[in-house]
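In: sequence and predicted structure below; questions after.
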Amino acid sequence: MPQSVKDRCVELRLDTVMVLNNIDLFWRIAYFLYSKEFPEKLYKQNHERKAPESIMDVGKSEIKVSNKSLDTLYKCGNLSGEGGYGKVFLSEDPVRKNNIAIKKVPHVTHKNKENNFCEVGFLSSCAHANIVKFYHAYLYNNTRKNIEEVWIITEYLQGGTLSDAAKNFLYKEKQVRFIAKEILQALKYLHHKGWAHRDVKSPNIMISLEGQIKLIDFGLCADMSNGDCTKLLGSAFWIPPEMINQQPHNRSVDLWSFGVCLLELFIHSPPYPYSPLMCMFTVALMGLDNIIPTHLSSGCKNFLKQCLQIDPSKRPSVGQLLEDEWIKQPTISKADFALTTRTIFMATLEEFVI
């Protein structure tokens, strides 16, 4: 194991006996998180076809070649997000005159292209109030700079991400219940299609200043209609135990990740925010029940525990969660939630300016 990874283990003061008793698991997590630091490729994951031909064909047809220069058409502003699959910039739609988000992703290798066809295919096939609106996708080819990308253009929600909100505001149960219902509606829509988002996390949930809540980023979405998948993927703090333990996974992965998002709203951060290694190792072996705040109502704690069931077969479906007693209790209005969002947004803006 690389010295850099060993140093992290020393800093975390991990239980040596527990690590040795689960050494294969530990190695797999360490390699997933820090593969670039390992001298050679240790684990080879099987190629995973995430989408049927019909979705791939939709993606191919939606990616256009613009008859105008994209650099001229869209003036990209600040970088608003960045991940393993690309960068997201704020811009303005030249026709609608409203803010838009432009996600720029590489379009060079066969894997790049397949991922892009899948993402655009899934996203452009969605029409739901709780899923970000897809506008366009363009092929960007700049031979002078040796850049070949796909630009995925969607609506932009100015209120920021759920991650931003969780860091800057301590939500009450009524407010969390409002958020939970909105996210569940998006998941209900996807799961009804047989799809799993597979990257539900607070940075992938956007909030508008009008109180809308929308799921974004379909780069890991997969059609589960023809069976389970086994690939380990996603973002460390939100990955469910079955993925980490290399067991088959299905649409219920979204419900674990959804539960982690709700937990964040009560504790200001994802679990074990100081170490993705600690988080994944703990989730795989013990789950997250011990992280649930004790001051919450019994109904809320029960709801979170259902989402955070280690055994995916024991997790309720989206429909069952929407019928849960806690989720059906009174919640705040959309107008009140919008007011809260604007308050958080302005406070964050003032802090940034200061």
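Out: Structure's in. What do you need?
In: so how far is residue 156 from residue 199?
Out: Residue 199 sits 19 Å away from residue 156, going by C-beta to C-beta, to the nearest Å. From N, CA and C alone the C-beta is placed, and that goes for glycine too.
In: kindly apply the preceding question to residue 231 instead.
Out: Taking C-beta to C-beta as the measure, residue 231 and residue 156 are separated by 30 Å.
In: can you check residue 279 too?
Out: 30 Å.
In: compare residue 231 and residue 156 (neighbour count), which wins?
Out: residue 156 (22 against 16; other C-beta atoms under 10 Å).
In: now do the helices in this protein.
Out: Ranges of helices in the chain, per DSSP state H, are 3-12, 16-21, 23-34, 53-62, 70-73, 110-124, 162-168, 173-192, 241-244, 253-267, 276-286, 298-307, 318-322, 334-353.
In: closest to residue 220 out of the ones you listed?
Out: Ranking those by distance to residue 220, with C-beta to C-beta as the measure, places helix 110-124 first at 8.5 Å.
In: average pLDDT for the closest one, rounded please.
Out: The predicted model assigns helix 110-124 a mean pLDDT of 94.
In: what's it in contact with?
Out: 50-51, 55-60, 62-63, 85, 105-107, 131-132, 134, 137, 150, 152, 154, 195, 218-219, 221 (C-beta atoms under 8 Å, 6 or more residues apart in numbering).
In: one more pass at 6 Å, please.
Out: With contacts defined as C-beta atoms under 6 Å, 6 or more residues apart in numbering, helix 110-124 is touched by 50-51, 55-56, 58-60, 62-63, 105-107, 134, 137, 150, 218-219, 221.
In: what residues of that helix count as buried?
Out: For helix 110-124, the neighbour count (16 or more other C-beta atoms under 10 Å) marks 112-124 as buried.
In: now stretch 334-350
Out: Using 16+ other C-beta under 10 Å as the test for burial, stretch 334-350 gives 337, 338, 340, 341, 342, 344, 345, 348.
In: any idea which of those residues the model trusts least?
Out: Lowest pLDDT within the buried residues of stretch 334-350 is found at residue 348 (69).
In: domains in this structure, as residue ranges please.
Out: As assigned by automatic domain parsing, the chain contains the domains 3-37, 53-155, 162-346.
In: which of those is buried the deepest?
Out: Mean neighbours per residue, mean count of other C-beta atoms under 10 Å, is largest over these for domain 162-346, with a mean of 19.
In: how far away is residue 184 from residue 139?
Out: Per C-beta to C-beta, residue 184 is found 35 Å from residue 139.
In: kindly apply the preceding question to residue 260 instead.
Out: Residue 260 is 35 Å from residue 139, by C-beta to C-beta.
In: do residue 261 as well
Out: Residue 261 is 33 Å from residue 139, by C-beta to C-beta.
In: do you know the pLDDT at the residue lying closest to residue 91 once chain neighbours are set aside?
Out: What sits nearest to residue 91 in space, not counting adjacent residues and going by C-beta to C-beta, 6 or more residues apart in numbering, is residue 74, at 4.7 Å. Turning to residue 74, the model gives it a pLDDT of 84.
In: ditto for residue 199
Out: In this prediction, residue 199 carries a pLDDT score of 96.
In: how about residue 350?
Out: We have a pLDDT of 57 for residue 350.
In: go on, residue 153?
Out: 95.
In: nearest to residue 81, of the helices of the chain?
Out: It's helix 162-168; of these, that one is closest to residue 81 (C-beta to C-beta) at 10.2 Å.
In: show me what the closest one is packed up against.
Out: Secondary structure elements in contact with helix 162-168, counted by 3 or more C-beta pairs under 6 Å, 6 or more residues apart in numbering; DSSP states H and E, are helix 334-353.
In: and the gap between residue 196 and residue 157?
Out: 23 Å.
In: typo on my end, it should be residue 223
Out: Here the criterion is C-beta to C-beta. By it, residue 223 lies 26 Å from residue 157.
In: extract the residue ranges of this structure that are flagged as low pLDDT.
Out: Scanning the chain for pLDDT under 70 picks out the ranges 42-47, 49, 67, 79, 83-84, 348-354.
In: mind putting the buried residues of stretch 334-350 into CSV with distance to residue 303?
Out: Shown next, in CSV, are these (distance: C-beta to C-beta, whole Å):
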residue, distance to residue 303
337, 19
338, 24
340, 21
341, 23
342, 27
344, 23
345, 27
348, 28
